[in-house]
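*Asks:* give me a model of this one.
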Amino acid sequence: METLLWFGAAVLLVVCLLAIGLAVAALIHRDAMSPAEDLMVALGGGLAVTALAAVAQLPLPLAYTTVSPALMIVLLAASAFVLWRRRDWLRTLRGDPQVRLMLAATGALFAIALTLGALPWDKSSDQGAGAVWSVHVPDMPGDPLLQFRTAQVLQNRLPIQTTPFYINYWYISDRTPLIGLMTTFLTAAAGISLPKDLQTLSAPYQLVDPYGYWLYRLISMFTNAMVAASAVLVAWELLGARAAKLGAVFIVLSPFVLINVLFHWPKLLAGFFIAGFYFWSWVKRRPVLAGIFAAGGVLSHPVAALFLPAMFIYLLLVRRWRHLIVSGATALLVAIPWFFWTIAIYHHSSRLLTYPIGYAIEDPTNPGPGIKTAWQAFLRRSPFSILNDRWVLFRDAFLAWPFPHQVLAARSLKGLASPAYEFFRLTFPGMFGLGLALASRVAEAHGGAARAQNAEGGGARIELRLPIAAEPAPVTEAGAAPAG
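*Replies:* Okay, here's the model as predicted:
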């Protein structure tokens, strides 16, 4: 019965998000836009509307579970009305081969993730094994909890300065807010009150638990699977239909992609938005849509901010002044209000002040000294040093790639050579979040070890073990620790 509910709820979630998103796409459709572009707008629109529904309720004195079910009914009724009036456009969309391939790739990836996510395949070494919050992927850190924790804080309107798990580390303003907001609204629309107690998720594992975590898992899997749609669109436009079809097969069968869909961390969703930003900046010149998708990427995960400057610099060099100004202004118009509002409410500075350069603000309630130290440390680094870090990651990953007999003999991904496993763990847009991998390799080179695990009550715990030297090594000044 739980399995039927799991798959049935997944279908209902997709139908609701697509219905709302397609209504948004129908309202803003222009004759010059292709059906595939309309689908991209629809996928992003469903996410945006449900996130905005959560934001709109934050100042209200009423409980989310009181307002959200009625609001969802209104949204679905309005969407049905719009789609009925635009049914000819909807038929055109349904018959387009690009749209069909985009939906097929996304649906296949989501279906595989749903099936694997429903299996009781925990091992004793997995994070949260046997508990509600199990990550179901070997040796992963506890980041997947974050968006659900955000939803708990928002739906229950908890004071962030005194709430465990958020004190002095997590940033409610920009640490993956999009999925947190969607989870806030969609769980409440389903009549689920998220628990205030952060220890609740340590309860024994259930596929469909009473705490709403299962619905968060569905939201995360589907939104991450959406990266297949943007990848197919870009491949089709640049390389042709055959390359797009081959690419779709590769994405669906790729362990690189599947691990990240199962991990419930939204960097694949950020990839969906960044691919759309590049598509509408370079392939089809639609600056407003490009700006909206740029903001969507940043609100999905702050690492997306690293992939915006390259395109803006390109637009500057080729003198597309109007596109540069309109897309940049649109991105700021969409993203900045959320940052300013939440910073004013929660008194946490934006993590984006230092995250893109790889440093963390240790005390967000007094960010000035941390920001100054981080930027000073970053500016002292030479470009060669930064580029060399990227080269070392690629070099080590490919040189240590497992031979076929290692792949066949391995019982799990962790059984492969360590660098290859870390390479598969890379999350789109890639080469970021590997601080632990580098620390592990440095520690192992000195006879030690490094690992990450979840701390009790939430958060991450990093263990670094090194042998005691006969004589103490000289201590050198180091910059701030890289952000996770």
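
*Asks:* switch to C-alpha atoms for all contacts and neighbour counts from now on
*Replies:* Will do.

*Asks:* low-confidence ranges in the stretch 351-484 of the chain?
*Replies:* Residue ranges of the stretch 351-484 of the chain with pLDDT under 70: 351, 355-356, 358, 360, 364-365, 389-390, 392-446, 450-464, 468-484.

*Asks:* run the last query once more with 50
*Replies:* 400-405, 410-438, 454, 457-460, 470-484 (pLDDT under 50).

*Asks:* and the chain, by the same measure?
*Replies:* In the chain, residues with pLDDT under 50: 400-405, 410-438, 454, 457-460, 470-484.

*Asks:* what residue lies at the spatial centre of it?
*Replies:* P266 (1.1 Å; C-alpha atoms, centre = their mean).

*Asks:* residue contacts, that one?
*Replies:* 176, 179, 220, 223-224, 300-301 (C-alpha atoms under 8 Å, 6 or more residues apart in numbering).

*Asks:* as JSON lines, those residues with neighbour count and secondary structure would be great.
*Replies:* What follows is the contacts of P266, written out as JSON lines (neighbours: other C-alpha atoms under 10 Å; DSSP: H, G, I helix; E, B strand; the rest coil):
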{"residue": "T176", "neighbour count": "24", "secondary structure": "coil"}
{"residue": "I179", "neighbour count": "30", "secondary structure": "helix"}
{"residue": "S220", "neighbour count": "26", "secondary structure": "helix"}
{"residue": "T223", "neighbour count": "24", "secondary structure": "helix"}
{"residue": "N224", "neighbour count": "28", "secondary structure": "helix"}
{"residue": "S300", "neighbour count": "27", "secondary structure": "helix"}
{"residue": "H301", "neighbour count": "22", "secondary structure": "coil"}
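
*Asks:* from the residues you listed, which is closest to V49?
*Replies:* I179 (12.0 Å; C-alpha to C-alpha).

*Asks:* thought that closest one was touching Q147?
*Replies:* Yes - using C-alpha atoms under 8 Å, I179 is in contact with Q147, at 6.1 Å.

*Asks:* mind listing the strands for the protein?
*Replies:* With strands called from DSSP state E, the chain shows them at 449-454, 460-465.

*Asks:* for stretch 377-390, buried residues please.
*Replies:* F378 (16 or more other C-alpha atoms under 10 Å).

*Asks:* ok, back up a step: next, the residue nearest to the centre of the chain: phi, psi?
*Replies:* phi -90, psi 30 (degrees, to the nearest 10).

*Asks:* now the contacts of P266 as CSV including distance to A449?
*Replies:* CSV is the format used below for the contacts of P266 (distance: C-alpha to C-alpha, whole Å):
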residue, distance to A449
T176, 30
I179, 33
S220, 31
T223, 35
N224, 32
S300, 32
H301, 29
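
*Asks:* can you tell me which of those is closest to V326?
*Replies:* V326 lies nearest to S300 out of the contacts of P266, by C-alpha to C-alpha, at 21.3 Å.

*Asks:* give me every residue that touches that closest one.
*Replies:* 176-179, 266-267, 269-270 are the contacts of S300 under C-alpha under 8 Å, 6+ apart.

*Asks:* distance to V99 added to those residues, as a markdown table?
*Replies:* Below are the contacts of S300 laid out as a markdown table (distance: C-alpha to C-alpha, whole Å):
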| residue | distance to V99 |
| --- | --- |
| T176 | 28 |
| P177 | 28 |
| L178 | 25 |
| I179 | 24 |
| P266 | 23 |
| K267 | 23 |
| L269 | 19 |
| A270 | 21 |
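
*Asks:* ok, the residues you listed vs L387, which is closest?
*Replies:* When the contacts of S300 are compared against L387 (criterion: C-alpha to C-alpha), the nearest one is K267, at 21.8 Å.

*Asks:* surely the closest one and L299 touch.
*Replies:* No - the criterion here is C-alpha under 8 Å, and K267 misses it with L299 at 10.7 Å.

*Asks:* list the contacts of stretch 81-97.
*Replies:* Under C-alpha under 8 Å, 6+ apart, the answer for stretch 81-97 is 22-23, 26-27, 35-36, 38-39, 99-100.
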